[in-house]
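Asker: Let me see the structure of the following:
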Amino acid sequence: MPRPKTKTELLELSQKNYSKLIDYVDSLSEKVQQAVFPKGYLNRNIKDVLAHLHHWHLMFLEWYETGMAGQKPDMPAKGYTWKTLPDLNREIWRKYKDVSLEEAQKMLQNSSNSVREIIRNHSEEALFTKKKYKWTGSTSLGSYLISATSSHYDWGYKLIKKCT
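Answerer: Reported below is the predicted structural model:
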């Protein structure tokens, strides 16, 4: 499916890619689910990928809450810029390195539901009109949501598939 351009497409692709990711993880043996990825990857296992996705949901939710309150959110996170994403992603990895796969799955499910609720609560116009909200800059809320959901789930799926 091409990049979503409507609320329905965004909800459908978000759910489809989330389900594909989770179904793939669930299809793997416990041994493979716990296996370490090859060297060269920041995320060292499936749990790390799911925790990464969860944390990016939390960051989006913070941007959204701050932005919709009329303030400028710290993007991507306080103390980081888009150019320092590798540092931020390493910090995310450190934060969740001791959680279990089961915990990461539950956290991801909950935060994913929260992000999808935002999609459901907005009109198509509110989601896809560029510059509608000052905090989204020159793009649309939908563009941020695509990045936080369907595109990021696809990235996670591909990384896990490649490394397992």
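Asker: buried set for the longest helix seen in the chain?
Answerer: For the chain, the longest helix by residue count, based on DSSP state H, is helix 46-68. Across helix 46-68, burial judged by 16 or more other Cβ atoms under 10 Å covers 46-61, 63-64, 67. All C-beta atoms are positioned from the backbone trio N, CA, C, and that covers glycine.
Asker: which strands and helices sit next to whichever helix or strand Lys106 is part of?
Answerer: For Lys106, the host element (DSSP states H and E) is helix 101-120. If you count contacts as 3 or more Cβ pairs under 8 Å, 6 or more residues apart in numbering; DSSP states H and E, helix 101-120 packs onto helix 7-27, helix 46-68, helix 141-148.
Asker: The nearest residue to His57 once chain neighbours are set aside: neighbour count?
Answerer: Of all residues not flanking His57 in the chain, Ser111 sits nearest, at 3.6 Å (Cβ to Cβ, 6 or more residues apart in numbering). Applying other Cβ atoms under 10 Å, we find 20 residues neighbouring Ser111.
Asker: Ser111 against Leu58, yeah?
Answerer: Yes. Judged on Cβ atoms under 8 Å, Ser111 makes contact with Leu58 at a distance of 5.9 Å.
Asker: what stretches of this structure score poorly on pLDDT?
Answerer: 1 (pLDDT under 70).
Asker: picking up where we left off before, dump the helices and strands packed on helix 101-120 into JSON lines; add distance to Phe128 as well.
Answerer: Compiled in JSON lines, these are given as follows (distance: least, Cβ to Cβ, whole Å):
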{"stretch": "helix 7-27", "distance to Phe128": "8"}
{"stretch": "helix 46-68", "distance to Phe128": "16"}
{"stretch": "helix 141-148", "distance to Phe128": "5"}
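Asker: I'd like to know which of these lies nearest to Ser123.
Answerer: helix 7-27 (7.4 Å; Cβ to Cβ).
Asker: Tell me the helices and strands packed up against the closest one.
Answerer: Short answer (3+ Cβ pairs under 8 Å, 6+ apart): helix 7-27 packs on helix 101-120, helix 124-128, helix 141-148, helix 150-163.
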